[in-house]
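**Q** would you be able to build a 3D model of this:
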Amino acid sequence: MIGMMYLVLTAMLALNVSKEILNAFVTVSDALERTNGNFQDKSSTTYDMFAKSAEQQPAKAGPLYEKALLVRKASNELVDYVQNVKVELFSAVDGMPVKEVKALGKTLNDLGAKDNYDKVSTYFINQRKGYELVDKIVAYKKQLVDILQDTGFKDNHPILTSGLETDKTYTKDKVTQDWVHFNFEGTVAAAAFTLLNKTIGEILNMEYETVDYLHKSIDSKSFKFSNVEAKVIPNSRIVFLGDKYQADIIVAAYDSKQNPTVYWASGRDTITDEQARSGSLTAIEGSEGVVKLQIPTSSVGDQKFAGVIKLRDPSGEEKFYSFKSSYAVTKPTAVIAAEKMNVFYAGIPNPVNIAAPVAPERLRINWGGATATQTAPGKYDLTVPSSLVGKDLTISVAAEIEKGQSTTMGSAVFRVKAVPEPNVFAGGNLSSGKYPKDQILANPFVAAKMGADFNYQLPWTVVSYTVTFVKNGVESAPIKVNGAPFGSQVESGIRSASSGTLVEFSDIVINSIAGRRPIQKAIVIRIK
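**A** Numbering: from 1, shown residues only. Next comes the predicted model:
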């Protein structure tokens, strides 16, 4: 509003309005000086808040406060310069020595030649004092940018473009003029004084907005939240007997530059601020915005706890935020079960189930020298090397409670055996005995199958065998067969054999994932 009055008065002067207008400039100038004093008081309050923040949060607010002090120094220097320009202008217009003007504290109200404009133009334009003022203002703005450059503050920031605009051009009487000519050419002393007070006000306003910008950047980086809420982040909600329940207690969007304090108690659902201040609760000091909570466990079952976390807001006031949580304590156990039987067979996949009251990905399993392939959560196929046949294999399970620390869950011992020899058959399913030709030839091949007491699916392939016909105690030449089928020579021999002829299947070799195996026992069939 005062700035608008200045513009109106300047326009009226151009119309040669009476001397009352000059006195009106005095009124406006005095109002501007009072406004400037209010700006200084406002800035002082911000500096005081800044100093308190720097004292309470030196690591974070301290560097910003140092920048604020540099802004204050630069602003004071420019204000002092403009104040000295006012003194020199008074001296130039009224002819009073500068020292005397300062000593007597002369103001615009004391100026005799308030309507003089020749000496004003000479001082600001001919003696180039106006251009020196412009250079000072430009340097001041650059100094602010240099001080705040690492905060994202640039020369096009709205704070720098809101006032002290000395780089604009103006049109007066159809002639383009710079800031100095427009403001001081033909301008009466009263108007020039008022303009200088207006300039001081813009400097003080720019100082306040810059320091306020710095002070607010503390809040935006740390403790200015729309919602602040305490959070309990447990390492696990299941704790094994003898271990410790561990959790991080933080404030959402927490301030890593603060060292909060937690006050807590077991078996509670709530904790009040008064209880925290009373000293009756367990207190834990935090670091970098986080409090590490550890609760020893001594009995199994559901457990609960509650507490408050104490922080200081940017003004230094203590704030309390409540939290509560629960966890379960259980004995460390793991169930290790072979799906088929309590033995492992070397060379084949042995299905194993492992169950524990923790997430499968946190289990650490020692397979005792075997190799395991996971088939589903908690399910594995275990392959045992033949070197462990006849020995015991121990599977042990541990659970990782936190990084680098684990708890033993349990173990189980299994016997390791070789895969037993399968049963072999001729004619599909015929063992040694007396059979008619048609029954033998109904399934013209040799087969190998595991016994009924073997619970694994283990298919065998017949690699080769030898067939010998014995009639009246006389053996024919052995017939070598590759693969399971009899082949035409063996089938023809069976069809032409007379009753009582022995057909001997020997040197049988079979193969499976358990390995290649020769069968010692022969199959002897008598033709019926």
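**Q** quick one: residues contacting E475.
**A** Counting by Cβ atoms under 8 Å, 6 or more residues apart in numbering, E475 makes contact with T468, F469. Placement of C-beta: from N, CA and C, glycine included.
**Q** contacting residues for Q177?
**A** With Cβ under 8 Å, 6+ apart, Q177 has these contacts: T169, Y170, T171, E185.
**Q** do T272 as well
**A** By Cβ under 8 Å, 6+ apart, the contact list for T272 reads V308.
**Q** test for you: state the pLDDT assigned to it.
**A** pLDDT recorded at T272 is 85.
**Q** point out where the stretch 1-150 of the chain drops to low pLDDT.
**A** 1-25, 29 (pLDDT under 70).
**Q** how about the helices in it?
**A** Per DSSP state H, counting those that start in this stretch, the stretch 1-150 of the chain carries helices over the ranges 2-13, 19-56, 58-94, 98-104, 118-121, 129-148.
**Q** what's the answer for the stretch 201-350 of the chain, then?
**A** So, for the stretch 201-350 of the chain - with DSSP H, counting those that start in this stretch - the helices run 273-278.
**Q** low-confidence ranges, it, go.
**A** 219-229, 235-242, 251-256, 300-301, 313-316, 328, 330-334, 339-341.
**Q** including distance to V503 and mean neighbour count, could the helices of the stretch 1-150 of the chain go into JSON lines?
**A** Formatted as JSON lines, the helices of the stretch 1-150 of the chain follow (distance: least, Cβ to Cβ, whole Å; neighbours: other Cβ atoms under 10 Å):
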{"stretch": "helix 2-13", "distance to V503": "124", "mean neighbour count": "15"}
{"stretch": "helix 19-56", "distance to V503": "102", "mean neighbour count": "16"}
{"stretch": "helix 58-94", "distance to V503": "96", "mean neighbour count": "18"}
{"stretch": "helix 98-104", "distance to V503": "137", "mean neighbour count": "13"}
{"stretch": "helix 118-121", "distance to V503": "138", "mean neighbour count": "19"}
{"stretch": "helix 129-148", "distance to V503": "104", "mean neighbour count": "17"}
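**Q** could you chop the chain up by domain?
**A** What automatic domain parsing lists as the domains of the chain is 2-221, 230-330, 335-417, 423-527.
**Q** for the residue in the chain sticking out farthest from the centre, what are its contacts?
**A** In the chain, the residue that sits farthest from the middle, by Cα atoms, centre = their mean, is N472; the gap is 89.7 Å. N472 makes no contacts at all, as judged by Cβ under 8 Å, 6+ apart.
**Q** so how far is S498 from it?
**A** 9 Å (Cβ to Cβ, to the nearest Å).
**Q** can you check T169 too?
**A** Taking Cβ to Cβ, one finds T169 at 132 Å from S498.
**Q** I137 too?
**A** From I137 across to S498, the span is 131 Å (Cβ to Cβ).
**Q** picking up where we left off before, for PyMOL, write a command that selects the buried ones of the contacts of Q177.
**A** Restricted to buried positions by 16 or more other Cβ atoms under 10 Å, the PyMOL selection for those reads:
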select buried, resi 185
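**Q** go through the contacts of Q177 and flag which are in helices.
**A** When DSSP state H is applied, those are split such that none fall in helices.
**Q** and the helices of the stretch 1-150 of the chain: which comes nearest V175?
**A** Closest approach to V175 among the helices of the stretch 1-150 of the chain is made by helix 118-121 (15.0 Å; Cβ to Cβ).
**Q** not counting residues beside it along the chain, what's closest to F182?
**A** For F182, ignoring the flanking residues on the chain, the nearest one in space by Cβ to Cβ, 6 or more residues apart in numbering is Y170 at 4.1 Å.
**Q** how much space between that neighbour and N183?
**A** 9 Å.
**Q** now do I218
**A** I218 is 38 Å from N183, by Cβ to Cβ.
**Q** please list all residues in contact with the residue nearest to E504 when sequence neighbours are not counted.
**A** Excluding the flanking residues, the one nearest E504 by Cβ to Cβ, 6+ apart is T468, at 4.6 Å. Neighbouring residues of T468 by Cβ under 8 Å, 6+ apart: E475, S476, P478, I479, V503, E504, S506.
**Q** pretty sure T461 contacts I513?
**A** No - using Cβ atoms under 8 Å, T461 makes no contact with I513, being 10.3 Å away.
**Q** now the helices for the stretch 401-528 of the chain?
**A** Going by DSSP H, counting those that start in this stretch, the stretch 401-528 of the chain shows helices at 437-442, 488-496.
**Q** can I get those in CSV with mean neighbour count?
**A** Putting those into CSV (neighbours: other Cβ atoms under 10 Å) gives the following:
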stretch, mean neighbour count
helix 437-442, 15
helix 488-496, 14
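**Q** could those helices go into TSV alongside mean pLDDT and distance to Y123?
**A** Converted to TSV, these look like this (pLDDT from 0 to 100; distance: least, Cβ to Cβ, whole Å):
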stretch	mean pLDDT	distance to Y123
helix 437-442	93	131
helix 488-496	94	131
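**Q** what's the local residue count around E207?
**A** 27 (other Cβ atoms under 10 Å).
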